[in-house]
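Undergrad: no sequence for this one, just the structure:
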């Protein structure tokens, strides 16, 4: 199983077009610091078989940046694109519109996410003149049978009922925001991908303990970062993202795992977007690191 990191930034990317914070200003001065929207491409081992974990607004650039994701030699087009969604947020779903040149787009997601993307964002209606959008159920962890995508077993671990802003009046459901668990049935290796994490749970702890690689929400370094930087009056966890540091931060949990552990989905206010920030060394002391753009992890 190969995990190709397509991007590592939270919504808006880095730099964010309307922002002049130190992180965005630094990325404009140093193009190597630029980050695309957070997303993954996962290869299951079969010839040409891969899927996207979330479809970001940068999806065309992301696919083009990895030669293995381009059309195969002798193939004029990529006929089918597979996408597995962790939630219904715009920065994880708008790329579906950009993929309209595909003959078919197969999408796996949970029930509330499917409802949001077919009623509030009527993607099936919008895309039907261009392509076939086929929806598939993404089973929850513990279901009798996981989904099979690109030769891999896929399940969703419910994390919170955090809805996207365009669907805040939709009914509560524990699987609005999920972690994607991936298992290679051939090798038995496991990966967990959770770009949005509002609270730590025993179920999450169990899945991380069983994983060989974890890519986890690193949106904010500190709980008061949103208010301190002026992006929101809410705290990090109040915005649906546990901070990395602090008594309730994710670093103290992740430091216990033996898995490869990477932070992703970094907000432009997070000091970790600067590769020279001393916070990187402190993470490294715990065996943790920040995912790099275009990084490939082989499991």
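TA: Sure thing, it's come through. Treat the numbers as computed from the prediction; the structure is a model and nothing was measured. Numbering: from 1, shown residues only.

Undergrad: how about stretch 89-101: buried residues?
TA: Of the residues in stretch 89-101, 89, 91, 92, 93, 94, 95, 96, 98, 99 count as buried by neighbour count, 16 or more other CB atoms under 10 Å. For the C-beta atoms, the positions are set from N, CA and C on the backbone; glycine is no exception.

Undergrad: in helices only, show me these.
TA: 91, 92, 93, 95, 96, 98 (DSSP state H).

Undergrad: what about the closest residue to residue 172 other than its chain neighbours, distance to residue 13?
TA: Spatial nearest neighbour of residue 172, chain neighbours left out: residue 161 (4.7 Å); criterion: CB to CB, 6 or more residues apart in numbering. Going from residue 161 to residue 13 by CB to CB, to the nearest Å gives 26 Å.

Undergrad: which one of the two has more residues nearby?
TA: residue 13 (22 against 16; other CB atoms under 10 Å).

Undergrad: so that one touches residue 33, yeah?
TA: No: distance between residue 13 and residue 33: 11.5 Å, which falls outside the contact criterion (CB atoms under 8 Å).

Undergrad: so residue 139 sits right up against residue 147, yeah?
TA: Yes: look at residue 139 against residue 147 with CB under 8 Å: they come within range, at 5.8 Å.

Undergrad: wait, a helix at residue 158?
TA: No: counting by DSSP: H, G, I helix; E, B strand; the rest coil, residue 158 is not part of a helix but strand.

Undergrad: so what's residue 2 bridging to?
TA: residue 43, residue 298 (DSSP bridges).

Undergrad: list the contacts of it.
TA: Contact analysis of residue 2 by CB atoms under 8 Å, 6 or more residues apart in numbering lists 42, 43, 296, 297, 298, 299.

Undergrad: which is the next helix or strand following the helix or strand where residue 124 lies?
TA: In this structure, residue 124 is located in helix 123-127 according to DSSP states H and E. Next along the chain after helix 123-127, taking DSSP H and E as the criterion, comes strand 132-137.

Undergrad: which neighbours does that following strand have in its sheet, and in what orientation?
TA: Assessed with DSSP bridges, strand 132-137 is paired to strand 104-109 (parallel).

Undergrad: what are the buried residues along the strand it pairs with?
TA: 105, 106, 107, 108, 109.

Undergrad: over to residue 66: give its phi and psi.
TA: phi -110, psi 110 (degrees, to the nearest 10).

Undergrad: before we move on, what's the pLDDT of residue 48?
TA: Predicted confidence (pLDDT) for residue 48: 62.

Undergrad: for stretch 144-154, the distance to its chain's centre please.
TA: How far stretch 144-154 lies from its chain's middle: 18 Å, per CA atoms, centre = their mean, to the nearest Å.

Undergrad: my bad, should have said stretch 288-299
TA: The answer for stretch 288-299 is 13 Å, by CA atoms, centre = their mean.

Undergrad: next: stretch 271-280.
TA: 21 Å.

Undergrad: so what touches it?
TA: With CB under 8 Å, 6+ apart, stretch 271-280 has contacts from 9, 14, 22-23, 26-27, 33, 35, 218, 221, 244, 263, 266, 283, 289-290.
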